[in-house]
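[1] what would the 3D arrangement of this be:
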Amino acid sequence: MNHPKPTVRKGQYPGALAREAFRERFMQRFYDPAFQAENDALERLETIAWQAYEAGRKSPVTVKAGPEFADPDYELAAEWKQTRDRLAVAEKVQRDPGTPSRVLVIAGASRNDGTCPGEVSKTWRLARIVLDELRAGGVQTDMLDLSRLASEYQYQIHPCKGCVSTAMPLCHWPCSCYPNHALGQVNDAMAGIYEQWVAAHAVILVAPTYWYQSPCPLKLMIDRLVCADGGNPDPTLTGGKDPLKAKQVELAGWPYPKHLAGRAYGLVVHGDVAGIEAQRRALSDWLDWMGLIDAGAASRLDRYIGYYRPYATSHDELDRDTAVQQEVRNVARAVLNVLPRLRRGEMAGLDRGIEQPRPK
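    Sure thing, here's the model as predicted:
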């Protein structure tokens, strides 16, 4: 197929902040009067931060890529390289048939009792049911509670910047957009979250429905996992974040590697009055697209808890709804049932001979 010569469109970015606007934003982190005793030190730090911002020092510490990369002399961000190396170790352990099966359980709600709501979420309670069932089944478990984004100091998932929409190879695996020290975009939780996904043989996602859709923390994670589906494991191919090079690499032919494919999944979606079916379908479609394998009909659940009942008594409604509790256990059991077959390779090759004419 002949493609036109790639171009890079410009003009949207409004430009860097002015000096005073930068200073005002920097100092907002130290609004508490307790910091006033260190005003002189803060002034010095603000100057250093401004210089980093002005110079665009996204990755101030780098290391040479080494012989396993297309350009061995390319200076990779040291933090990216460390994350990538941890994923390589996790992948090696995950693929070893002698290791115990491991299941990642994700609680996708924003609510917990460590911040404004002052109460645990029903999602967390359902996730605990899943964990108990998995542990009783003899597998290792890992828990990812995304409500930590709302209650934990500087625990963040920064938004996806949409590199894939410029060119797939510009979207690196794992994501190299963060940390960006020049912009203060640090403490990105995704480095650890990627490792949890890679280490797992199966994932069970438990999610509430917020306004017909996924909660903000869950959607942030989903978007940042785009690099797992077709992402580029060698940033030296694209000169880091050079959009023109990335377009050229893609148009020369890109294999769209699926870095998480072959893992099993289960899904629990709950809500109070509307939207659970659409959200369950959307999440299933997303997991299917990444190449994960559902553990059967019992592994995909959507249920209302306290349908059109007061929010104030929703936990009591869950206490009474023993049927939904059992259905949630069944999601875990479905995943437990499929794991031995998955680990033996019996589910591999289900798509043998099927080639996608339009991979993306």
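
[2] only C-alpha atoms for contact and neighbour calcs from this point on.
    Noted.

[3] following element in sequence after the one helix or strand Tyr53 maps to, please.
    Assigned by DSSP states H and E, Tyr53 belongs to helix 39-55. Next in sequence after helix 39-55, counting helices and strands by DSSP H and E, comes strand 62-64.

[4] what packs against that following strand?
    Packing contacts for strand 62-64, counted by 3 or more CA pairs under 8 Å, 6 or more residues apart in numbering; DSSP states H and E, involve strand 75-77, helix 78-95.

[5] what mean pLDDT does it get?
    For strand 62-64, mean pLDDT rounds to 98.

[6] now do stretch 82-94
    The average of the pLDDT scores along stretch 82-94 is 98.

[7] just the C-alphas of that stretch, formatted as CSV.
    Presented in CSV, the C-alpha positions along stretch 82-94 are these (Å, rounded to 0.1, in the frame of the first residue of the first chain):
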residue,chain,number,x,y,z
GLN,A,82,14.4,0.6,35.4
THR,A,83,10.6,0.1,34.8
ARG,A,84,11.2,-1.8,31.6
ASP,A,85,13.8,-4.1,33.3
ARG,A,86,11.4,-4.9,36.1
LEU,A,87,8.7,-5.8,33.5
ALA,A,88,11.2,-8.1,31.8
VAL,A,89,11.8,-10.0,35.1
ALA,A,90,8.1,-10.1,35.9
GLU,A,91,7.4,-11.5,32.4
LYS,A,92,10.0,-14.2,32.8
VAL,A,93,8.6,-15.4,36.1
GLN,A,94,5.0,-15.2,34.7
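
[8] buried stuff in it?
    Across stretch 82-94, burial judged by 16 or more other CA atoms under 10 Å covers 83-84, 86-87, 90-91, 93-94.

[9] what of stretch 34-43?
    The neighbour-count criterion (16+ other CA under 10 Å) identifies Leu42 as the buried residues of stretch 34-43.

[10] show residues contacting it.
    Contacts with stretch 34-43, where a contact means CA atoms under 8 Å, 6 or more residues apart in numbering, come from Met27.

[11] pull up the distance across that stretch, start to finish.
    Stretch 34-43 has an end-to-end distance of 15 Å (criterion: CA to CA, to the nearest Å).

[12] can you check stretch 256-263 too?
    Stretch 256-263 stretches 17 Å from its first residue to its last (CA to CA).
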